[in-house]
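1. My questions concern the predicted model and sequence given below.
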Amino acid sequence: MKPVKVLIVESSIDLARKLESSYQEIFNLAGYNATFALTTSEGEARKEIDKNWPHVVICDMSLGQVADGLLILKTLRTEYPDIFRILASGSEYSPRNVFAKKAFFDMFFDKGELIGKNKPYIEICAQQFASRFRINTILKIEESGTAYHDDFKSKGQLREFNSLLAQITFTGHDSDTQITPDTVRISKLAGGFSGSKVYKFNTFNSKSKLESVPAVLKVSEREWAASELNNYNKFVKWGLPYKWRVDLLGSGETKSLGAVAYSFIQGDSGVDFNSLTYFLETGSFDVVRKVIERIFSPNMRRWYGEELIESSTNIVEHYSKRYFSGAEAKATSALVFNRVASDTFRAIVQGKRLAVAGIVVVEPHARLFGTPMDRYLSCICHGDLNSNNVIVSKLEDVIFIDFQETGRGHVFEDFVTMESSIRLFGKSTEPSNWLHYLEDEIQAGQSVAHAKSESFEIIQTIRGLAKANFPNESFQNYYYALAVFHYRLLRANLSPIQQQKCVTAIIAGLTKL
């Protein structure tokens, strides 16, 4: 039988002891061997949860007073929503009272039936528990490094992280002991600027040593993870072909965190992989080029297909809502831009004019948000197709992850986002002359033959593929999207060189508007 840790909250220790045998019988019938901890108050219960991380809480409804147990369940639901909650009482509960106190629970135990050893009732409780409980209670993390300890340092964060893994890897109550994942190895993937944490997620069975399929684990804020799951079902599950989409292995949520685990559908155990960012940072441009040509091929038009293209109005409004939620966001980008442009190029801003080494353009804040622009075409976009969200195996199989922003957007959004990753993460030395680098940025897109570096060559390839996919969209809108996206990136945690490259891309984009 699998172990399960059960916390009992009961004012009478003697009564709790008397009920333990019936509780154990219920868990045994469901396939679990329970170990019990007894507490008599909310404070004791919280300490036990923080110390020993129980999977199940059984709480008496009255606790010697009038429905005090419901108040504890309300707290547990708020603070520890991932713990399985059972209300126990010798009398009926009022659904209205439960709703009023927001003391929702997963199951109800009738103490009278349990004390009387009502066999049919105990069997029904076991069946209900087995149908509702979804936690892998045997899972352990192999402590081979500190891949996640730097991200989840407090006891509370570690408990939530372990709970997410236990929810994701649940396979059933009667799962096979030779194949069920009971151990995980976790290592970080090369990343970008997202607030989410992304890891390689290797699971295996410690008894048979059988490795599960290669997987990616993504941990986000709870709301972000919920949005990602929703978008996966709407746009990915039925929208991308077999070899392009990820297989959703499992998901979980706690008070503050949510997580999803994806696998390569075509992957096999032992197949190593990493994000496209890794290949950029290590200078593996041949791999990067193949991946770019594959994911943006005009022959591979699922989300980008003509049947999904619509004409929309006001591209300025679209990107303002997309990347700048308020005046403070734009002001922050403006401060960074002006500082970096002045330090790097000795740029001068006079009114709405920006002068850089003989080049005069409308300064970005006024040009990007104060000038009307034409209509734009929209389609289904990944929404955040940076190199961290493209996973590549050693065999050069490719999948996308991270669907929090997936939905209808400007047809060039994914292309511009990927271009920024090439620019910011591609292995290169710091430009010796930033004015020459600006000239290269302005010329980018004319032809691959004019590329001054492998990064610019790939950027030019991306722009050529953008034109091939959407020949009817004004390419001025590409340069607008390029400038506004990098203007937004100035609010991210960038290195000084990355800030300079963003500012250079913005100025180059402004020269085309």
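-> Noted; the coordinates are in hand.

2. Can you spell out which helices and strands pack onto the worst-scoring helix or strand of the chain on mean pLDDT?
-> Least confident helix or strand, the chain: helix 95-101 with a mean of 80, by mean pLDDT, DSSP states H and E. On a contact count with 3 or more Cβ pairs under 8 Å, 6 or more residues apart in numbering; DSSP states H and E, helix 95-101 meets helix 68-79. Heads up, the C-betas are built off the backbone N, CA and C, glycines and all.

3. taking the mean pLDDT, what do you get for the helix it packs on?
-> The average pLDDT for helix 68-79 rounds to 89.

4. following the least confident helix or strand of the chain, which helix or strand comes up?
-> Elements were assigned by DSSP states H and E; along the chain past helix 95-101, the next helix or strand is strand 107-110.

5. what are the C-alpha coordinates of that next one, in PDB please?
-> As requested, the backbone C-alpha atoms of strand 107-110 are provided in PDB (Å, rounded to 0.1, in the frame of the first residue of the first chain):
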ATOM      1  CA  MET A 107     -15.600  14.800   1.600                       C
ATOM      2  CA  PHE A 108     -17.800  14.300   4.600                       C
ATOM      3  CA  PHE A 109     -17.500  11.500   7.200                       C
ATOM      4  CA  ASP A 110     -20.400  10.600   9.500                       C
END
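
6. Against which helices or strands is the helix or strand following it packed?
-> Next along the chain after strand 107-110, taking DSSP H and E as the criterion, comes helix 111-115. Secondary-structure packing of helix 111-115 (3+ Cβ pairs under 8 Å, 6+ apart): helix 13-30, helix 119-132.

7. rerun at 7 Å
-> helix 13-30 (3 or more Cβ pairs under 7 Å, 6 or more residues apart in numbering; DSSP states H and E).

8. does C379 count as helix, strand or coil?
-> Here C379 is strand, with the state taken from DSSP: H, G, I helix; E, B strand; the rest coil.

9. mind listing what it touches?
-> By Cβ atoms under 7 Å, 6 or more residues apart in numbering, the contact set of C379 is 303-304, 308-309, 411.

10. Same check on N205?
-> By Cβ under 7 Å, 6+ apart, N205 lies in contact with 178-182.

11. Return the per-residue confidence for it.
-> For N205, the pLDDT comes out at 89.

12. S144 too?
-> At S144, the pLDDT value in this model is 61.

13. One more: H450?
-> For H450, the model assigns a pLDDT of 52.

14. go on, Q266?
-> pLDDT at Q266 comes out at 62.

15. Now flag whichever of the contacts of N205 is closest to I138.
-> The nearest member of the contacts of N205 to I138, counting by Cβ to Cβ, is D182 at 4.7 Å.

16. Quick check: closest non-adjacent residue to that closest one.
-> Ranked by Cβ to Cβ, 6 or more residues apart in numbering and with sequence neighbours excluded, the top spatial neighbour of D182 is I138, at 4.7 Å.

17. tell me the SS of the one you found?
-> I138 carries the three-state label coil when classified by three-state DSSP.

18. For it, give me its contacts.
-> 2-3, 182.

19. ok, then the element right after whichever helix or strand D247 is part of?
-> If you go by DSSP H and E, D247 is part of strand 246-253. As assigned by DSSP H and E, the chain's next helix or strand after strand 246-253 is strand 257-264.

20. Tell me which other helices or strands that next one touches.
-> Secondary-structure packing of strand 257-264 (3+ Cβ pairs under 7 Å, 6+ apart): helix 155-168, strand 215-221, helix 222-231, strand 246-253.

21. Determine which stretch of these is the most buried.
-> Of all the helices and strands packed on strand 257-264, strand 215-221 carries the top mean neighbour count, a mean of 22, counting by mean count of other Cβ atoms under 10 Å.

22. What is the distance between it and the centre of its chain?
-> 5 Å (Cα atoms, centre = their mean, to the nearest Å).

23. and what of stretch 495-502?
-> In this view, stretch 495-502 has its centroid 25 Å away from the chain centroid, taken as Cα atoms, centre = their mean.

24. do the same with stretch 492-502
-> Offset of stretch 492-502 from its chain centre (Cα atoms, centre = their mean): 23 Å.

25. Which residues outside it are in contact with it?
-> 193, 336, 340, 344, 423-424, 430, 434, 486, 489-490.

26. out of those residues, which are inside helices?
-> Of the contacts of stretch 492-502, the ones assigned to helices by DSSP state H are 336, 340, 344, 423-424, 434, 486, 489.

27. Same list, these, but as TSV with pLDDT and neighbour count please.
-> TSV is the format used below for the ones in helices among the contacts of stretch 492-502 (pLDDT from 0 to 100; neighbours: other Cβ atoms under 10 Å):
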residue	pLDDT	neighbour count
V336	96	19
V340	96	21
T344	94	21
R423	94	24
L424	94	25
W434	93	17
H486	97	28
L489	96	25
